[in-house]
Every structure is written in structure tokens, then in C-alpha cells.
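1. Need the 3D shape of this:
(2 chains)
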Number of protein chains: 2
Amino acid sequence: MSLLVVGSVAFDALETPFGKTDKIVGGAATYICLAASYFTKSVNLVSVVGGDFLPQDIAMLQRHGVQTEGLQIKVDEKSFFWSGRYHNDMNSRDTLATELNVLANFDPVVPDSYQDCQYLMLGNLAPGVQLSVLERLTNRPKLVVMDTMNFWMEIALEDLKKTLAQVDVLSVNDEEARQLSGEYALVKAARKIQAMGPKTVIIKKGEHGALLFGPEGEIYFCPALPLEDVFDPTGAGDTFAGGFIGYLAATNDTSFGNMKRAIVYGSAMASFCVERFGTERLVDLTEKELAERVARFLALTYLEQPLSVA
Amino acid sequence: MSLLVVGSVAFDALETPFGKTDKIVGGAATYICLAASYFTKSVNLVSVVGGDFLPQDIAMLQRHGVQTEGLQIKVDEKSFFWSGRYHNDMNSRDTLATELNVLANFDPVVPDSYQDCQYLMLGNLAPGVQLSVLERLTNRPKLVVMDTMNFWMEIALEDLKKTLAQVDVLSVNDEEARQLSGEYALVKAARKIQAMGPKTVIIKKGEHGALLFGPEGEIYFCPALPLEDVFDPTGAGDTFAGGFIGYLAATNDTSFGNMKRAIVYGSAMASFCVERFGTERLVDLTEKELAERVARFLALTYLEQPLSVA
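-> Predicted structure coming up:
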């Protein structure tokens, strides 16, 4: 089924212990679309860039089957820009610059050709903008997945709660789940967030894997692959979300059992993302690489024989 | 097969955000023996206590099938005592008191009746003492598992390395693995530790589960159960080790495939341990409770159908 993705398409400048980049293509929607494109060839983008965005970068998305009719280009403005420096542990970072530019007044346009989308991914953006995209669809999609971050909890909590009440799945990291719920234990945090709207909650724990909490109290856990080096964690969460919803859209099955499989694919895509700077590793993955990576995930928790005590 | 356990049998006084205790029974060997007793009824203890240790606490161990012929009682001395306070996150703690007492000059005695033990658990102790137990066995056991902590890396690193060279499996937590190896990434840390002696390395990550690294580069991961409350983490690592080696001794199978199953049992035992103060939850578990707990662990990573993209 068709997937609609809204989120930022932007420039990032990154510093990690392994090196630094000039302005490179980034943004939540970029990572989501690229990851999803390995599962479904019907990905429809809603976003905005400035006149500084390069045609070749839009062409890169189109080459991955991403429809860009909903990508506004404001020729007299500049694209959203974020710059950050990661610490040695790769778990914490300093923001060096945030220039909203075209995102400051982003009014999303949903083209008529996108109206039949059954899967909607609300990538990290102001929650009011996320909600407006949902409202501009004539029919509610079969599944709405939302990503957000602590920044919006601090400056737009009421908007965030309004949007949250309308979505099926929320994807956040452990610290965000704790902040949103006021609970330290993730089991309790998930339950409180479920009461705010989303029947299903994903809590991402970075190198410690991801938890999926279902509507009937089900819990599924997918480990992260133990990696020798995390080169650049930028976009890992968005890539995870893109693999997750891309797999669901491709299989058109929103059961909890299928979401568990989708979490494995999301985790596999994220494990590629962190191996190089920015989107570098995501632009030319092969089916074979993806299949091998998923097999490594499954091997990690696989028991050959049932458990028994002699 | 018979299991020999060496380690401390002691008193602890604990403070957690949920309350505090007077002096209660603790010590690495106590937790190890209790956990192992749910798998094998042939557990042989080597340790030392003072005249202040209560007969009823020794009887409690005996009721679980633990042989105490190797438990020395120094009537004119006091038992090892540790007191600590856990912080709100339960991951960090302050040591309030450490009184070595009988442990200061502990010279372990291995009774003749223990000589046929095929499984040896070297619980956390001075590494020189751990080594002396191994040396006092006429025949080398089939499997030697060692637990240790950062304290010994700081004050007895050479002894630690000597002992490490003689063991089959090392069980440490993530910070200890990083300190011992000088590597941040756990995959690299495990490889360096394997080069020091133990062909198999277990890295415990607390609420984030445990990793098992095998001699052929195999990796297995067992998640921790997402718990609503961790009441008291004291002894969780020892309990994990006791369940691990208890299962191996009971099944008498030291293959990597069986160690994976043993990790699940160790994790299940540890998940009980943290539910109450000290050994409270470990003294009267039922087989049914253990089976249900293990089933919950398996459900956490279970996929009903193979993965496939439509």
C-alpha cells in the first residue's frame, strides 16, 4: 500500500570522533523515505526545502522511488540546517546550530495524488504541522505512526498531546518516553503514553535495542546489533521508523505479530545507517545485504532447542 | 553433575528508594548457591563466616540441598559485612561500609567429598583466593566460570590476569568489561578478554540484558525482562551466574548452544532476585513460577512467522 511521509528534508553538518562533514543531505523525512524505499516503491513525500537544495539530491530520492510532488521548493529561502557534535560515547551530542529557515512557516501541502495513502508517517516536526497533514487527508489512513522529540515536549506540549490523541503508534526513545510520561520504568511509561492515544508504543533504546508495547499489554523486544563501531548515529531513529512503516505498508498487515517483524526490519535498517556519515550507507544497499543483516538479528536471540532441565 | 561454589557468605545492610534493611544474609556464594539449587541438588559450598552467623541461615542453605562441609566457621571472628545505598535509578550505588573480617585471611578448604566436582563457580573474591581453589582440586573441572569486579582490577590486576588465564568463562558487567579491556565497544572488549584466557565471555548489561560471546565468534543476546519496579538489585549478578552454571551442571552440556539456554535461566533467576530485598525472593520459588518466568523471556523475542517482504 502507499505510504505518505512528512518531515524535514534538510542539510546537516556533523562532527563525530571519526571525522566531520560539510553540509550534507539530512532531515527526518529523508532518512524515513530512504529506509522505506527498500520495502515499498510507493513512498510519497511532503516537505519543504529552500532554493539552496540541490536538484541532484531530489533526484537521489526520486531514484529510490520517492514521489516528490508534495516537496515544496521555496527558491528565495534557505533549507532547514542543523549542526551537531557527538561525544565519545556517541550517546550524547551538542547542537552547534539550528536554523529553521523554510521550516519556520511550513504549511504542508498534500497533493491529490497522495490522497489514497493508507500508511502515514509523521516524522519529527512541530506537532501542529504533523496534525495538519492528518487533517488534510480526506480519509483517515489505516495506520498513523508518529515520531517526536523532547524539544516539542518542552515548547509545544499541548499541541503534542492533541496530535498524540490521533495516532496509532508513537515512536520515541527511552529518555523521551520518560519525559512524556513522568515514569522511569519503561513498562509504566508505555502504559501512560498508551492512555494518551497511541495504542502501540515503540521505545527505542539505541545500542540497547527497542521495545514494542501492544494494545493488549503484549511486549516485544528487538536487540540492537552489537557493532564494533558506531560511526555516526544521525538519523538512526528516523531510519528505524522508515524501515518499520515501510515493511508494514509493503505487507499491508497492522497486526501486533507483523509489527514485531517490522521492528526487526527497522532495527536492521538503523544498524546500516550508523555505519557511515549521514545517508551514505542507505543510498545503495542491496537486497542481499539487507537479508544477511536481518539474519544476523535473528541469530542473536535464536535458541536451537527448546529449554529443558534434565 | 556436581557443582562447587566458592565466594562470600556474608551480611548486608541495604538502602533502596523502597526502604532499608537491618543486617540480612547476603554474599556472592549465597546468591549463587540458592540460584543453582533450582537446577541441581548437588551444590558444594566453600566459604567462611564468623561466630555471628546464625545457624538458621546455614540451615536455610542446607534446606536447598547445599553441602556446607567446606563452610568454615571462625567462632571468634565476625562475618564479612557490606552496606550500601542505591540511587533512584538503581544503576548506581554508594558503599557505606565494607568490613572484610573473616574474609581478610580467607584460606579456602576443599573437602575430599568435593573433589569430584565437574563444575566450578569462582564467585567474586580476591582473584588469588579464587585461583587457590582451582589449584586445590586434584582434577581440573570440566568447566570453570569466574565472576569478578572492578575493585580487583584496581588493586590486584596481576593476580586477576593469572586467574583469568585458567578459566573457561568470565562473567562481568559492561563497565567491568570496558575497564578490563580498555575498549568501549563490547564486541571489541569481549575479544580482548577472550585473548586473556576465557574462551567464552558473558557481559551483563543490567536492565539491558546480557551478551554471550563464544569461542568461534558467536554472539547470543538475552534481554532482561522489562520490570515495573526493581526493588533491590543486590545479588542480581551472582544470581544470574548461579542460574547459568546450575543449568549447565544439571544438563552436563558445555556447548555454546546449551550456554545460550543457560543464559536465559540465569536471566530469569536474576529477574526474581531484584523483586524483593536480598535473598527473600529466591528462598521459596516454585517450579511453576520459574517455568512461567522463562516463558515470558522467550515470548519477548519470539516471532510467530518467518520474516518476509511482500
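2. Every contact and neighbour count from this point should use C-alpha atoms.
-> Fine.
3. Which positions in chain A make contact with chain B?
-> Counting by C-alpha under 8 Å from any C-alpha of the partner chain, chain A comes close to chain B at A:39, A:184-188, A:208, A:219-223, A:226-229, A:247, A:250-251, A:257, A:260-261, A:299-304, A:307, A:309-310.
4. can you do 6 Å?
-> A:185, A:187, A:208, A:220, A:221, A:228, A:250, A:251, A:300, A:301, A:310 (C-alpha under 6 Å from any C-alpha of the partner chain).
5. ok, of those, which one's closest to residue B:68?
-> Closest approach between those and residue B:68, by C-alpha to C-alpha: residue A:310, at 24.1 Å.
6. Could you give the number of residues near the residue of the stretch 101-250 of chain A found nearest chain B?
-> Nearest residue of the stretch 101-250 of chain A to chain B (C-alpha to the nearest C-alpha) works out as residue A:220 at 4.7 Å. Residues near residue A:220, counting by other C-alpha atoms under 10 Å in any protein chain shown, number 24.
7. show me what contacts it?
-> Shown in contact with residue A:220 (C-alpha atoms under 6 Å, 6 or more residues apart in numbering or on different chains): A:211, A:212, B:300, B:301.
8. Just the ones of these in strands?
-> A:211, A:212 (DSSP state E).
9. Between the contacts of residue A:220, identify the one with the most neighbours.
-> residue A:211 (27 neighbours).
10. surely that residue meets residue A:205?
-> No. With contact defined as C-alpha atoms under 6 Å, residue A:211 does not reach residue A:205; the gap is 7.8 Å.
11. where do the contact lists of those two overlap?
-> Contacts common to residue A:211 and residue A:205, judged by C-alpha under 6 Å, 6+ apart, are absent.
12. Show the residue spans covered by the helices in chain A.
-> A:28-36, A:55-63, A:127-135, A:150-155, A:157-164, A:174-181, A:186-195, A:236-251, A:256-273, A:287-300 (DSSP state H).
13. and the third one, what does it pack onto?
-> Applying 3 or more C-alpha pairs under 6 Å, 6 or more residues apart in numbering or on different chains; DSSP states H and E, one finds that helix A:127-135 makes contact with helix A:157-164.
14. how much space between the residue most central in space within chain A and residue A:274?
-> Of all residues in chain A, the one closest to the mean position by C-alpha atoms, centre = their mean is residue A:238, 2.4 Å from it. Plainly put, residue A:238 is 12 Å away from residue A:274 if you go by C-alpha to C-alpha, to the nearest Å.
15. now swap in residue A:247 and tell me
-> 20 Å.
16. Give me the more crowded residue out of the two.
-> Just comparing residue A:247 and residue A:274: by other C-alpha under 10 Å the higher neighbour count belongs to residue A:247, 29 against 23.
17. residues near residue A:74, how many?
-> Neighbours of residue A:74 using other C-alpha under 10 Å come to 15.
18. what sits against the closest residue to it other than its chain neighbours?
-> Excluding the flanking residues, the one nearest residue A:74 by C-alpha to C-alpha, 6 or more residues apart in numbering or on different chains is residue A:50, at 4.7 Å. Applying C-alpha under 6 Å, 6+ apart, we find residue A:50 in contact with A:73, A:74, A:75, A:77, A:78, A:79.
19. what's the answer for residue A:92, then?
-> Applying C-alpha under 6 Å, 6+ apart, no residues qualify as near residue A:92.
20. The closest residue to residue A:221 other than its chain neighbours pairs with what?
-> Closest residue in space to residue A:221, ignoring its immediate chain neighbours: residue A:211 at 4.6 Å, by C-alpha to C-alpha, 6+ apart. Beta-bridge pairing of residue A:211 under DSSP bridges involves residue A:203, residue A:221.
21. State the distance from residue A:211 to residue A:266.
-> Where residue A:266 is concerned, residue A:211 sits at a distance of 12 Å (C-alpha to C-alpha).
22. surely residue A:266 meets residue A:240?
-> Yes. Between residue A:266 and residue A:240 there is a contact at 4.1 Å, judged by C-alpha under 6 Å.
23. where are the low-confidence patches of the stretch 201-310 of chain A?
-> Applying pLDDT under 70 to the stretch 201-310 of chain A picks out residues A:306-310.
24. in stretch A:248-257, what's buried?
-> Judged by neighbour count using 16 or more other C-alpha atoms under 10 Å in any protein chain shown, the buried positions of stretch A:248-257 are A:248, A:249, A:250, A:251, A:252, A:256, A:257.
25. Please read the previous query as pertaining to stretch A:212-229.
-> A:212, A:213, A:214, A:219, A:220, A:221, A:222, A:223, A:224, A:225, A:226, A:229.
26. OK, contacts around residue A:300?
-> B:220, B:221.
27. scratch that, residue A:51
-> Taking C-alpha under 6 Å, 6+ apart, one finds A:74, A:75, A:76, A:77 in contact with residue A:51.
28. Next, it: phi, psi?
-> phi -70, psi -10 (degrees, to the nearest 10).
29. so what's the residue nearest to it when sequence neighbours are not counted scoring on pLDDT?
-> Leaving aside its chain neighbours, residue A:51 sits nearest to residue A:75 (3.7 Å; criterion: C-alpha to C-alpha, 6+ apart). In this model, residue A:75 is scored at 97, pLDDT.
30. Count the neighbours of the nearest residue to residue A:227 once chain neighbours are set aside for me.
-> In this structure, residue A:227 finds its nearest non-sequential neighbour in residue B:187, 6.7 Å apart by C-alpha to C-alpha, 6+ apart. Residue B:187 has 18 neighbouring residues, counting by other C-alpha under 10 Å.
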